[in-house]
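Enquirer: sequence? don't have it. structure:
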């Protein structure tokens, strides 16, 4: 079933796009991430212009995150106060990211920057998550059972504006989750990702939130950040393809429900290892495409000029 995408100016297989949306939606519910770190590269691999892929797939993130957040909400796995603080930072980050996206688009470097950011950021974070998760597994097996501390103390816990987050049992500076949200908002705008692959590790290792609340709170924040970013991208950069967005939405809303059910039965350490492997694999594929020879080669023939 061929469908024409007016903004991308190309035809695609509609069923394939719906299937991609369902796959990424499943991963979104499984790991508590927006799934954009996979969707944007997949669209680029399919031939969608990177600028259009980044701006459009944020719509899919909204639907998948909303569906996943509702599922976690029913299980009382959302720290609303933490999510709102992160959202405040995310709104500022989204505005900065959309402005930066526009500047890069005007100088014709947005496609290259998107690819380089994916390779560098995903590769670094995925590798770090994998190594840390392996060490965590080893420590868990060696460590005797004991009472868990509420949280570890680090220098950023001494920052001002300290507040309590009763559901997460934390007493930390609000500047920390707000900064995490700000970085996530910038990533949504520039890279077309919900930031979950960054938010989830940050909430686990920096904020030391309970594993059960991380996925739901991350998705809660991603809903509003990506929605605001989509509106700004459409108004400022005109790179949102509505037809492509609708196809992704159809698959994503269904896939996330199945992912949430499977994720609720999966151990946190196992989920982190699987997520890190997927992140590294996507980064490696993009790196290969960057340095490899293009499929379509072009040459300029000057023999006819005098």
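Expert: Nice, thanks for sending it over. Quick caveat: nothing in here was measured; it's all calculated off a predicted structure.
Enquirer: Mind listing what's buried along stretch 74-85?
Expert: By neighbour count on 16 or more other CB atoms under 10 Å, the buried set for stretch 74-85 is 77, 78, 79, 81, 82, 83, 84, 85. Yep, even glycine has a C-beta here, placed from its N, CA and C like the rest.
Enquirer: Give me the distance between residue 277 and residue 133.
Expert: 10 Å (CB to CB, to the nearest Å).
Enquirer: higher neighbour count, those two?
Expert: A side-by-side neighbour count of residue 277 and residue 133, using other CB atoms under 10 Å, places residue 133 first with 21 against 14.
Enquirer: so which helix or strand takes in that one?
Expert: helix 123-142 (DSSP states H and E).
Enquirer: Could you list the residues in contact with that helix?
Expert: Helix 123-142 has contacts (CB atoms under 8 Å, 6 or more residues apart in numbering) with 197-198, 201, 205, 269, 272-273, 275-280, 282-284, 287.
Enquirer: Take the residues you listed and keep only those in helices.
Expert: Judged by DSSP state H, helices contain the following of the contacts of helix 123-142: 197-198, 201, 205, 269, 272-273, 275-280, 282-284, 287.
Enquirer: ok so residue 3 is a strand residue?
Expert: Yes: Residue 3 sits within a strand when classified using DSSP: H, G, I helix; E, B strand; the rest coil.
Enquirer: if I read this right, it contacts residue 17, doesn't it?
Expert: Yes: using CB atoms under 8 Å, residue 3 is in contact with residue 17, at 7.4 Å.
Enquirer: shared neighbours of these two, which are they?
Expert: The contact lists of residue 3 and residue 17 share residue 247, where a contact means CB under 8 Å, 6+ apart.
Enquirer: Looking only at neighbour counts, state which of those two leads.
Expert: residue 17 (26 against 17).
Enquirer: need the strands for the stretch 51-200 of the chain, in chain order.
Expert: Listed in chain order, the strands found in the stretch 51-200 of the chain under DSSP state E, counting those that start in this stretch are 162-165, 170-173.
Enquirer: Put together CSV for those strands, with mean pLDDT on each row.
Expert: Output for the strands of the stretch 51-200 of the chain, formatted as CSV (pLDDT from 0 to 100):
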stretch, mean pLDDT
strand 162-165, 87
strand 170-173, 85
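Enquirer: Let me know which of those strands is tucked in deepest.
Expert: strand 170-173 (a mean of 19; mean count of other CB atoms under 10 Å).
Enquirer: how far does that one sit from the chain's center?
Expert: Taking CA atoms, centre = their mean, to the nearest Å, one finds strand 170-173 lying 25 Å from the centre of the chain it belongs to.
Enquirer: now stretch 182-190
Expert: Averaging C-alpha positions (CA atoms, centre = their mean) puts stretch 182-190 9 Å from its chain's average.
Enquirer: show me where the chain has helices.
Expert: Using DSSP H, helices in the chain cover 14-31, 36-45, 50-74, 80-106, 110-117, 123-142, 175-191, 196-205, 211-236, 242-263, 268-291.
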